[in-house]
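Asker: my questions are about this predicted structure, shown below with the sequence.
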Amino acid sequence: MANGANFRQMQSANKGKTYFLLASMGALTWLVAYSALTYFGVGTASTMVPIAIGFALIGVWGSYYGSDKLVLTMTGAKLITREDAPELFNVIEEVVIASGLPMPKVAIVEDSAPNAFATGRNPEHALIAFTTRILEVMDRDELQGVIAHEMSHVANRDTLVSAVAATTAGAIAILSDFLTRMMWFGGGRDRRDGNSNPIALVLSLAILIMAPIAAMLLKSAISRKRESLADATAVSFTRNPAGLRKALEVLAADSTVVRQKSNAVAHIWIESPLDGRSVSKMFSTHPPIEERIAALRAMESLGPTV
Amino acid sequence: MELFIALGAIALIALFVVAQYNRLVRLNITVDEAWAQIEVQLKRRADLIPNLVETVKGYAKHEQSTFDAVVAARAKSTSASTVGEVAAADGALTNALRGLLAVAEAYPDLKASTNFLSLQEELSTTENKVSFARQFYNDNVRQLNQAVATVPSKFFAGFAKVGARDFYEVENPTDRNVPNVKF
């Protein structure tokens, strides 16, 4: 990111990068399918590829479609109404008006770590959730920044983007797993076109083994770009980068992490709950929080954008 | 063969015209909705004012001129109709309310009363909502005005009966920022 990018530039840059990464995912899937074809021949590849994609689709799209309900059980979040937290609802309504989106469902997670997330298959089924702690530690401006970040995930349809990424990564993992197993048992390869080039065979084998790692890296990269994009979109809603910046500083200063029931939903929180563990930056679902703070600070120095 | 090419070309042109027309109409409707949202929030604020004035009066009886200013500004804002009038009345009312809240500063009992605190929260969230509704409205007016002024959508504006709309402009540029009232 160039220094001093305003939120509009930052939004379009991150959107462009997402498209590029999603296209790379597509290319990787094609490469894996092609390697399977080269190594195992037409017969095996033409049954295995659709089966792997089918499995991944069933696994991911069920959870995508029911994401708002599923995540409630996976995080232990409870839906609340206006009477439970009138001030929180006031701030959410403000951001809803700024974004022009419908009012989302609101939930609370009993947890001593400050954090928040958004999910739902489309803006009409959106759900945003906050831990009890984040409501205690944040002032109105900071909370507004956090809500704007979550509503940005809703506006940018990030549940859909991550479902697409998870499907392709899942299909590649299943395919690679299946085919390498088949290889150890020596079977599968059609001897009919056994006259293939040995270099092509070795290359296809390497691709099949490496592809799941590459897919994981791409998936994490997509998630990081969507986080940066959500920060930029949040500023387009509130026109107040300082609020979100201060909120991220509060999150960075706090070392407690959410006691999650499952790592499967780690990527949806505003601050990664995996921070405590040593996750390599390349596999991280969130950009380093210091980088996000610096980008917001750069927007502040540009002055008000109308 | 030529017939199919001609039919295809006509279909493409028709699609293009429909898309342009729909885009303009959609932008215009969004601006209408955004305007309605501003009016809803301004109405909400106007409804809060009698209650707020009564509450402050209970503690601060000798600030009649401040109360009169708020009541007068409120009356003006409820009768405004065009975008320019509403914006001007909104700015005046915001200033009058600022005066009222400044008066409240001098009365510790008032500041501590739960009724006043909840009114104050309602007022500040409504102020925020007004300013976000204004921002959303202006963003959409900008898109609409751009579409009406640029080629090719410009050529369809008359056909779609859609024209440039007025921005919601607050006279004093510093009024764009919501007053940061602390108690």
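Answerer: Noted; the coordinates are in hand.
Asker: show me the shaky parts of chain B.
Answerer: Residues of chain B that meet the criterion pLDDT under 70 lie in B:171-183.
Asker: which residues of it lie near chain A?
Answerer: Counting by CB under 8 Å from any CB of the partner chain, chain B comes close to chain A at B:30, B:34, B:37, B:41, B:121-122, B:125, B:128-129, B:132-133, B:135-136, B:138. Placement of C-beta: from N, CA and C, glycine included.
Asker: among these, which ones are in strands?
Answerer: Of the positions in the residues of chain B next to chain A, not one sits in strands, assigned by DSSP state E.
Asker: from those residues, pick the one nearest A:Ala98.
Answerer: Set against A:Ala98, the nearest of the residues of chain B next to chain A by CB to CB is B:Phe132 (3.7 Å).
Asker: ok, that closest one to A:Met210 distance?
Answerer: Using CB to CB, to the nearest Å, one gets 48 Å for the distance from B:Phe132 to A:Met210.
Asker: and these two? which has more neighbours close in?
Answerer: B:Phe132 (26 against 14; other CB atoms under 10 Å in any protein chain shown).
Asker: ok, back up a step: biggest separation within the residues of chain B next to chain A, which pair?
Answerer: Farthest apart among the residues of chain B next to chain A - using CB to CB - are B:Thr30 and B:Glu121, which lie 30.0 Å from each other.
Asker: the more surrounded of those two?
Answerer: B:Thr30 (18 against 15).
Asker: excluding chain neighbours, what is closest to that one?
Answerer: B:Asn140 (4.9 Å; CB to CB, 6 or more residues apart in numbering or on different chains).
Asker: for that neighbour, which three-state class applies?
Answerer: The three-state label given to B:Asn140 by DSSP: H, G, I helix; E, B strand; the rest coil is helix.
Asker: so it makes contact with B:Ala34?
Answerer: Yes - here B:Asn140 reaches B:Ala34: they are 5.1 Å apart, a contact under CB atoms under 8 Å.
Asker: what packs against the longest helix seen in chain B?
Answerer: Taking DSSP state H as the assignment, the helix of chain B that covers the most residues is helix B:2-59. Judged by 3 or more CB pairs under 8 Å, 6 or more residues apart in numbering or on different chains; DSSP states H and E, the packing partners of helix B:2-59 are helix B:64-79, helix B:83-104, helix B:108-112, helix B:114-149.
Asker: what's the ChimeraX line that selects buried ones from the residues of chain B next to chain A?
Answerer: To isolate the buried ones among the residues of chain B next to chain A in ChimeraX, judged by 16 or more other CB atoms under 10 Å in any protein chain shown, type:
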select /B:30,34,37,41,122,125,128,129,132,133,135,136,138
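Asker: so what pLDDT did the residue nearest to A:Tyr65 when sequence neighbours are not counted get?
Answerer: Among residues not flanking A:Tyr65 along the chain, A:Arg121 sits closest, at 5.7 Å (CB to CB, 6+ apart). Looking at A:Arg121, its pLDDT is 84.
Asker: just to be sure, A:Arg121 is in a helix?
Answerer: No - looking at A:Arg121 with three-state DSSP, it is coil, so not inside a helix.
Asker: isn't it up against A:Ser67?
Answerer: Yes - counting by CB under 8 Å, A:Arg121 sits close enough to A:Ser67 to count as a contact (5.7 Å).
Asker: please enumerate the shared neighbours of the two.
Answerer: Listed as contacting both A:Arg121 and A:Ser67 by CB atoms under 8 Å, 6 or more residues apart in numbering or on different chains are A:Thr159.
Asker: give me the more crowded residue out of these two.
Answerer: A:Ser67 (24 against 18).
Asker: correct me, but that one touches A:Phe117?
Answerer: No - with contact defined as CB under 8 Å, A:Ser67 does not count as touching A:Phe117 (10.8 Å).
Asker: would you map the strands across chain A?
Answerer: So, for chain A - with DSSP E - the strands run A:78-79, A:105-109, A:116-119, A:127-131.
Asker: what lines up beside the shortest one in the sheet?
Answerer: Partners of strand A:78-79 in the sheet, by DSSP bridges, are strand A:105-109 (antiparallel).
Asker: show residues contacting the partner strand.
Answerer: Residues outside strand A:105-109 that contact it (CB under 8 Å, 6+ apart): A:68, A:72, A:75-80, A:84-85, A:88-89, A:92, A:115, A:120, A:126-132, A:135, A:258.
Asker: mind checking which of those are buried?
Answerer: A:68, A:72, A:75, A:77, A:80, A:85, A:88-89, A:92, A:115, A:120, A:126-131, A:135, A:258.
Asker: what does the stretch 1-150 of chain A have sitting close to chain B?
Answerer: A:Pro86, A:Glu87, A:Asn90, A:Val91, A:Glu93, A:Glu94, A:Val95, A:Ile97, A:Ala98, A:Ser99, A:Gly100.
Asker: what about 10 Å?
Answerer: A:86-87, A:89-91, A:93-100, A:140-141, A:144 (CB under 10 Å from any CB of the partner chain).
Asker: contact partners for residue 118?
Answerer: By default, I'm working from chain A. A:68, A:71, A:104, A:126-129, A:147, A:149-156, A:158-159, A:230, A:268-270 (CB atoms under 10 Å, 6 or more residues apart in numbering or on different chains).
Asker: wrong one, I was asking about chain B
Answerer: Taking CB under 10 Å, 6+ apart as the test, what B:Ser118 contacts is A:Pro86, A:Glu87, B:Thr55.
Asker: low-confidence bits of chain A, can you list those?
Answerer: A:1-6, A:184-196, A:260-265, A:274-281, A:303-306.
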